[in-house]
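Colleague: Just need the structure, nothing else, for what follows:
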Amino acid sequence: MSINEASYEALLLKKALAQGNLQLTPIFFDIDVLDKYRSVSWFSLIRSNTIGRLKREGSWSLDFGISPGEKVIHVSAGDIADRLPPDEQAHWIKHLSAPAMSQNFMKTRLTIGACIDDGDTRKW
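Modeller: Next up, the predicted model:
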């Protein structure tokens with residue numbers, strides 16, 4: 001999917017890069033990440049048409065966007081890091097939703113200097 005340069009997604013990324021603030025960078029999760037909170041009394045889960053909030057009473061809260069079709073939600077990377085305790089972060093990571101990515105490229109991001117046999121190089 002190509003995104004218009006003036007879209008909110010593009011504007012948000014431009015702002016994040018200009019400010020050096022990757023807190024603004026969205027991360028996407030399958031909607032079922034919220035299932036564990038729906039019937040637990042110390043959590044509240046509320047929403048409008050496109051924005052939601054998960055709150056652990058007396059502790060933390062997390063705001064999120066609801067994508068069209070309501071199968072995916074998105075949260076800023078900084079909010080996941082700053083607002084959720086480690087055990088909750090682990091739960092959310094299990095529900096990460098991402099487009100198909102080059103696994104070899106991701107390996108090179110995880111390990112500095114990684115050498116990956118990825119076939120012969122060629123002109124694009």
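Colleague: Which strand residues bridge the spatially most central residue of the chain?
Modeller: Geometric centre of the chain, nearest residue: I27, 1.2 Å, by Cα atoms, centre = their mean. Beta-bridge partners of I27, counted by DSSP bridges, are V75.
Colleague: Please spell out which residues along the longest helix along the chain are buried.
Modeller: If you go by DSSP state H, the chain has its longest helix at helix 8-19. Under the neighbour-count criterion of 16 or more other Cβ atoms under 10 Å, helix 8-19 has L13, A16 buried. All C-beta atoms are positioned from the backbone trio N, CA, C, and that covers glycine.
Colleague: gap between it and the chain center?
Modeller: Averaging C-alpha positions (Cα atoms, centre = their mean, to the nearest Å) puts helix 8-19 15 Å from its chain's average.
Colleague: how about that helix as PDB, C-alpha atoms only?
Modeller: Listed next in PDB are the C-alpha coordinates belonging to helix 8-19 (Å, rounded to 0.1, in the frame of the first residue of the first chain):
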ATOM      1  CA  TYR A   8      -1.600  11.500   8.700                       C
ATOM      2  CA  GLU A   9       0.800   8.500   8.700                       C
ATOM      3  CA  ALA A  10       3.400  10.400   6.600                       C
ATOM      4  CA  LEU A  11       3.000  13.600   8.600                       C
ATOM      5  CA  LEU A  12       3.400  11.700  11.900                       C
ATOM      6  CA  LEU A  13       6.600  10.000  10.700                       C
ATOM      7  CA  LYS A  14       8.000  13.300   9.400                       C
ATOM      8  CA  LYS A  15       7.300  14.900  12.800                       C
ATOM      9  CA  ALA A  16       8.900  11.900  14.600                       C
ATOM     10  CA  LEU A  17      12.000  12.100  12.500                       C
ATOM     11  CA  ALA A  18      12.300  15.800  12.600                       C
ATOM     12  CA  GLN A  19      12.100  15.900  16.400                       C
END
